[in-house]
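Novice: Show me how the following folds:
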Amino acid sequence: MIRRQRRGQGYLEFVLILPGLLLLTFLIWEFAYFWWARQVTATATFEAARQVAVGRSTEYGYATYQDVLRTGLGRMAAETDAGAQFRLVVQPAYRAVWAQSNVPYHWPTGLGALMGGSMNLTLPASAFFRLEQFNPGPPDRFE
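Specialist: Have a look, this model is predicted:
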């Protein structure tokens, strides 16, 4: 008789635990995707500033920034183009290059609505490099 009263207990426990496990799994997925987008934004800003620091033009730096964003973010990059802010400043007096970007982040799945999909999140990134100067010739001509 005791066995008959416990029939279906495993099924009930599974049904009670499953929504929590699914929610936890999707939250981990969303956080990983957010972190990936943040790393791509930082890499794009870093690469754009580095290209200008080694002597490329600022137009090339802007193109590098866009290429890295589009390659790393895929579909989400098209959504971020409208609201993305990127600034690349060359300061010859200080022999420096400074880059700053703010990219809007949109939750990629429907679960984002539960996590605050209507919130305006941005992915900030910045980079600073000294301008490099290459002087060919004997060592006495170097700085």
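Novice: What helices and strands are in contact with the lengthiest helix in the chain?
Specialist: Assignment by DSSP state H gives helix 9-53 as the longest helix of the chain. If contacts are counted by 3 or more C-beta pairs under 8 Å, 6 or more residues apart in numbering; DSSP states H and E, helix 9-53 sits against helix 58-73, strand 85-91, strand 96-105, strand 121-130. The C-beta positions use only the backbone N, C-alpha and C, and glycine is treated the same way.
Novice: and among these, the most buried is which?
Specialist: strand 96-105 (a mean of 20; mean count of other C-beta atoms under 10 Å).
Novice: could you check the angle strand 121-130 makes with that strand?
Specialist: Counting by axes from the mean of the first three to the mean of the last three C-alpha atoms, to 10 degrees, strand 96-105 points 170 degrees away from the direction of strand 121-130.
Novice: Gln91 is in contact with Phe129, correct?
Specialist: No: proximity of Phe129 to Gln91 does not meet the contact threshold set by C-beta atoms under 8 Å, at 10.7 Å.
Novice: Just put the helices and strands packed on helix 9-53 in CSV and tack on distance to Trp29 and mean pLDDT.
Specialist: CSV is the format used below for the helices and strands packed on helix 9-53 (distance: least, C-beta to C-beta, whole Å; pLDDT from 0 to 100):
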stretch, distance to Trp29, mean pLDDT
helix 58-73, 16, 91
strand 85-91, 28, 90
strand 96-105, 15, 89
strand 121-130, 16, 88
